[in-house]
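[1] this is the structure alone, sequence omitted:
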């Protein structure tokens, strides 16, 4: 890209722990980090310099080494440099020290004695002190939705020479995408060489989930692609988006190679004018594959599950639920959209559906 673009990253994979209470995760986890590192170094996607990507794996992933690497970022990056943090390994829904949020387990973690644990408090403090005005973290670990490390420090605006580099540096804030909710585990499917979440994160970064008209993959679009694809393969795993002081849908990657580009056609855009109930059913089935009971979306929207005929087949149940709405049920599609946007922020299909419903028919 250009020497003026200085992206910094820390990639950590803990496939094995000293503590026997933590089962070995195998080669998939190390492969996760190798894949993310290749994408970060790819000049056609992220273009981070090799000397600015810290890679920790195996026995190097001690709590001290991880904290030292984060501190190195604090001392090295400027407010103008984007920062990427990736972790793949074991996590837990609780912090053993009594602080709020989840925790991650380095190679030398001692769960029984609560030693060498990366708690939300520890990570949050380290993350907060890194002066970058645009930080992006992706954590592939069980219960990682409970992490609370999205903090932010104000900084000056950035100016880069090339338009694509300026776009990669526009926006402000701190974003964390976790592989699963605080109550869920994260999967490694037997047929895959990578963890489920990381597989789709990597595909999204290189453009498989779509991009804007200039070829940039943006953070909201990346999350929505990853969340939908993960839930399609494993409905019991729901990626989580958390942000702090984020002011726009900033770019996280550039699909410079046309072969990587994919124009994503909206479900709503392509079908709603022809068959609105079918399009709405298809959309909600993708977002909530278990049906209206999934993540309590129907009840959160104000609906009464006792009024629905549920079969346990997600798409069938959504079809019946939409029919219930059309017959004058208390809950409305607009109410479901509002709740769904809390799970899938700035989802383009949900926003277009809202726009369509707001226009008098």
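    That came through fine. None of the values given here were measured: they were computed from a predicted structure.
[2] dump the residue contacts of residue 321.
    By CB atoms under 8 Å, 6 or more residues apart in numbering, the contact set of residue 321 is 284, 291, 292, 298, 303, 308. C-beta here means a position set from N, CA and C on the backbone, and glycine is covered the same way.
[3] again but with residue 313, I slipped
    Neighbouring residues of residue 313 by CB under 8 Å, 6+ apart: residue 291.
[4] repeat that for residue 108.
    Taking CB under 8 Å, 6+ apart, we find residue 108 in contact with 17, 18, 62, 63, 116.
[5] for the second one, which non-adjacent residue is spatially closest?
    What that stands for is residue 18. Nearest residue to residue 18 in three dimensions, chain neighbours excluded: residue 108, at 5.4 Å (CB to CB, 6 or more residues apart in numbering).
[6] now do the one you found against residue 60, distance only.
    10 Å (CB to CB, to the nearest Å).
[7] can you check residue 12 too?
    9 Å.
[8] now do residue 288
    For residue 288 relative to residue 60 (CB to CB), the value is 40 Å.
[9] neighbour count for those two, which is higher?
    When neighbours are counted by other CB atoms under 10 Å, residue 288 and residue 60 differ, and residue 288 comes out ahead with 25 against 15.
[10] just checking, next helix/strand downstream of the host helix or strand of residue 30?
    Taking DSSP states H and E as the definition, one finds residue 30 inside helix 27-41. Note on helix 27-41: by DSSP H and E, the next helix or strand toward the C-terminus is strand 53-57.
[11] and the contacts of the helix or strand following that following strand?
    Sequence order places helix 63-76 as the next helix or strand after strand 53-57, per DSSP H and E. Contacting residues not belonging to helix 63-76 are listed as 8, 10, 12, 54, 56, 83, 85, 106, 108-109, 116-118, 122-123, 126-127, 129-132 [CB under 8 Å, 6+ apart].
[12] of those, which belong to strands?
    Members of the contacts of helix 63-76 lying in strands (criterion: DSSP state E): 8, 10, 12, 54, 56, 83, 85, 118.
[13] do a quick rundown of the helices in this structure.
    Along the chain, counting by DSSP state H, helices occupy 27-41, 63-76, 120-129, 163-169, 196-205, 219-233, 267-271, 276-287, 297-300, 314-326, 333-343, 348-358.
[14] show me what the shortest one is packed against.
    Under the contact criterion of 3 or more CB pairs under 8 Å, 6 or more residues apart in numbering; DSSP states H and E, helix 297-300 touches helix 333-343.
[15] tell me the angle of the helix it packs on relative to helix 348-358?
    When axes from the mean of the first three to the mean of the last three CA atoms, to 10 degrees is applied, the directions of helix 333-343 and helix 348-358 differ by 160 degrees.
[16] and helix 333-343, what's buried?
    Judged by neighbour count using 16 or more other CB atoms under 10 Å, the buried positions of helix 333-343 are 333, 335, 336, 337, 339, 340, 343.
[17] ok, and what's touching it?
    227, 238, 280, 284, 287-288, 295, 297-298, 300-303, 322, 325, 347, 350-351, 353-354, 357.
[18] and those, which are buried?
    Using 16+ other CB under 10 Å as the burial test, the contacts of helix 333-343 include 227, 238, 280, 284, 287-288, 295, 297-298, 300-301, 303, 322, 325, 347, 350, 353-354 as buried.
[19] where does this structure dip in pLDDT?
    For the chain, the stretches flagged by pLDDT under 70 are 1-5, 97, 99-100, 146-172, 245-247, 256-275, 359-361.
[20] wouldn't residue 219 be in contact with residue 248 here?
    No: using CB atoms under 8 Å, residue 219 is not in contact with residue 248; the gap is 9.1 Å.
[21] still on that earlier bit, out of the buried residues of helix 333-343, which is nearest to residue 201?
    For the buried residues of helix 333-343, the closest approach to residue 201 (CB to CB) belongs to residue 343, at 17.5 Å.
[22] ok, the closest one to residue 228 distance?
    Separation of residue 343 from residue 228 (CB to CB) stands at 11 Å.
[23] the residue nearest to residue 209 when sequence neighbours are not counted - how many residues pack around it?
    Among residues not flanking residue 209 along the chain, residue 225 sits closest, at 2.8 Å (CB to CB, 6+ apart). Using other CB under 10 Å, residue 225 has 23 other residues around it.
[24] next up, the contacts around residue 225.
    Applying CB under 8 Å, 6+ apart, we find residue 225 in contact with 200, 203, 204, 208, 209, 210.
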